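Participant: sequence and predicted model, in that order:
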There are 2 protein chains.
Amino acid sequence: MYLAMNNKQLKLADLAKLAGVSTSTVSRALNDNPLIKKETRDKLKQLAKQHNFSLNTAASRLRSQKTNVVAVIINFDSGTEQSINDPFLLKVVGEINLALNKQGLELLLSNSFMAGDDWANYFINSRRADGIIVVGQGKDPANIEAAANAGVPLVVWGDPKTPSNYPIVGSDNFVGGRLATEHLLAGGAKNIVFLGDPGHAEIGERYRGYLAALNTANARSQVVSIDITSRAAYHGINQLLVTQGLCFDGIMACSDMVALGAMKALKERYISIPNDVALVGFDDIAMADISHPSLSSIKQNTQRASVLLVEKLLAQLQGQSAESQVVEIELIYRQSSKG
Amino acid sequence: MYLAMNNKQLKLADLAKLAGVSTSTVSRALNDNPLIKKETRDKLKQLAKQHNFSLNTAASRLRSQKTNVVAVIINFDSGTEQSINDPFLLKVVGEINLALNKQGLELLLSNSFMAGDDWANYFINSRRADGIIVVGQGKDPANIEAAANAGVPLVVWGDPKTPSNYPIVGSDNFVGGRLATEHLLAGGAKNIVFLGDPGHAEIGERYRGYLAALNTANARSQVVSIDITSRAAYHGINQLLVTQGLCFDGIMACSDMVALGAMKALKERYISIPNDVALVGFDDIAMADISHPSLSSIKQNTQRASVLLVEKLLAQLQGQSAESQVVEIELIYRQSSKG
DNA sequence: GAACTTTATGCAAACGTTTGCAATTATTTT
DNA sequence: AAAATAATTGCAAACGTTTGCATAAAGTTC
């Protein structure tokens, strides 16, 4: 089943001999260096293709001190159930992969288990990658800060308003929280539950947006602080209903998965959505459109954010600096809330 | 913001000098080679940690001809909408990541855009990775077969019953399809729709299991062939209802996302689930539990499958052969079907 | 056609590990 | 105590690229 290759692997020197030129020329040709005549370049590239030749990245990385690899770390809050299964985080990783590829960079997928605490050391000193993209700030920025302070090219998906000495790209969570809440208010809600943990950076901003909207309105606020999971949301809303009855008429959920958990709890008790309780989520994952009723949500522009993340990382790799940046955010109005 | 490192990067030779031993000794010590006295090993490891030293993987890969990296390729059907957003595929990638890490291997995430068609060349000849895990067979096995024939260590997540000269690990899709259908029959269904494209390898097996169950029963069959997306399922069922009315009382969906799309179409028309139409999905993603009604589903043991995939890849890396293997599958009974 | 500039290629020295083999030291055997 | 064996460590040669510098060839100017 597993056939060993019969003929020895071709190397640059062999190809050079075949073409009757030096290794320098072939190397430069394959790297599209304009020092080499266009004609020669094309001929050598074709020869390489013919012979199924591929540059040995180990050697080239060693010599050039560049890897063209970016490490992507999914930064979970430890002690929280939010996991690799969170569709939103994975969507972000997917978009980042695309954005990296477009720049000819490769994606080394990692997590705290492999990388340990000293990311600078594990990824950069070891030449595993040229830079790092961290998805999610987590509650404790220690690892990120340590890496940034060590001079590692690094960007973070998170709340751009968090003060930091590294660029953070993310949605305008404050505006998102405000938009969602204003939308609920406009639909007539008077008692709006914030469902999520304001201690988390991004969610905290959404919470402050929520408060800002409530401040200018005649409505009551209530926080149900839970993990970022459907299950926790389901139990949280269930418990609220059991202990205090239907004491609210709107829910602003900190994510769509959370919103869908809440939706289930409401539907099980035949509470009408959006008539008895209106509901807005956050993220606009695929399920928001396919749930019944479909879920109004704040859409995060993950594609644009991913492109920005990669751009800012690239800037750092070239010695330039980069700043945090907010990406626009948008309310998607669906059936779970009243127009 | 971006501080260049001040002191030159430490290398093995520097560390050796500091410790007063040769580079060989340090290299062996850090690689835990028992040739070196345990005591010396520990001392050197500690010294390395103290000085924030990390082996240069580029150099070590070049010399040792091993990368300890595995490329994971998400193999979409081109022309199909099933995308990086499919929660199930991403769950599999997450589990594979964990399984690889446990063996000290790293995960290079890739797709056909980067890798092109000649995977052997792009990943293995270039020493980007030692082996490949392909997630999803796709409709055309050409790339996979070419790589396998070139002698690349390779395993595939897919339908293990497909004849192949490379190991395929996956669920017993035939049994899964049969279980789901038998469950619907047991609940009294007489007209069961198969929702999915039997031309896809895994789904084809599920379809055959469905047919096998129907054969022994007095029930009617109908296929609605669609892409593996919620949206396609929603439209497919909608159209069926429009053109033929409620001509079925059970749906066996080829995935949970598909089932949820169908569920939405049914709920919008106030068709009762499971009383008018019973519904079973496939995959048991997180949403199955949180939808309302919750979705009965065939659970794929992705964790076990991932461990097996990695084991079989490792076997090949060590020159042994490995066979395709089926992992057990299980019906999770929830509200969308009748007991 | 000599002197100069421009363009295209080659030479050879790194890059930082790992590892077969030799060499040394410590331990056991005779 | 010498000899033989076992346990540690060191030497030095790879691994296959990239790239600064030198050189050769071609084109330009006077």
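Facilitator: Alright, I've got the coordinates. The model shown is predicted, which means the values in this text are computed figures rather than measured ones.

Participant: ok, so what distance separates the most centrally placed residue in chain A from DNA strand D?
Facilitator: Among the residues of chain A, the one closest to the centroid is A:Val92, at 3.6 Å (C-alpha atoms, centre = their mean). In this view, A:Val92 and DNA strand D are 31 Å apart by C-beta to the nearest atom of the strand, to the nearest Å. Any C-beta I mention is one placed from the backbone N, CA and C, and that applies to glycine too.

Participant: could you report the neighbour count for A:Ser225?
Facilitator: A:Ser225: 16 surrounding residues under other C-beta atoms under 10 Å in any protein chain shown.

Participant: what is the rounded mean pLDDT of the strand or helix carrying A:Asp42?
Facilitator: Counting by DSSP states H and E, the element that carries A:Asp42 is helix A:38-50. When pLDDT is averaged over helix A:38-50, the result is 93.

Participant: show me how the record splits chain A into domains.
Facilitator: A:12-51, A:69-170+A:302-328, A:173-300 (automatic domain parsing).

Participant: so which of those domains gets nearest chain B?
Facilitator: domain A:69-170+A:302-328 (3.5 Å; C-beta to the nearest C-beta).

Participant: does DNA strand C sit close to the closest one?
Facilitator: No: counting by C-beta under 7 Å from any atom of the strand, DNA strand C has no neighbours in domain A:69-170+A:302-328; the shortest distance is 7.8 Å.

Participant: still on that earlier bit, buried residues of the one helix or strand the residue nearest to the centre of chain A maps to, list them for me.
Facilitator: According to DSSP H and E, A:Val92 maps onto helix A:87-102. Within helix A:87-102, the residues scored as buried using 16 or more other C-beta atoms under 10 Å in any protein chain shown are A:87-101.

Participant: if I look at the nearest residue to A:Asp117 once chain neighbours are set aside, how far off is A:Ser337?
Facilitator: Among residues not flanking A:Asp117 along the chain, A:Asn143 sits closest, at 5.7 Å (C-beta to C-beta, 6 or more residues apart in numbering or on different chains). Per C-beta to C-beta, to the nearest Å, A:Asn143 is found 38 Å from A:Ser337.

Participant: so for those two, which sits in the more crowded spot?
Facilitator: Remark: of A:Asn143 and A:Ser337, A:Ser337 carries more neighbours, 27 against 19, as counted by other C-beta under 10 Å.

Participant: how about that one, secondary structure?
Facilitator: coil (DSSP: H, G, I helix; E, B strand; the rest coil).

Participant: how close does it get to A:Asn68?
Facilitator: 46 Å.

Participant: pick out the shakiest of the domains of chain A, pLDDT-wise.
Facilitator: Minimum mean pLDDT among the domains of chain A: domain A:69-170+A:302-328, a mean of 91.

Participant: distance from the chain centre to it, please.
Facilitator: 8 Å (C-alpha atoms, centre = their mean, to the nearest Å).

Participant: quick one: end-to-end distance for that domain.
Facilitator: Across its full length, domain A:69-170+A:302-328 reaches 28 Å end to end, with C-alpha to C-alpha, to the nearest Å as the criterion.
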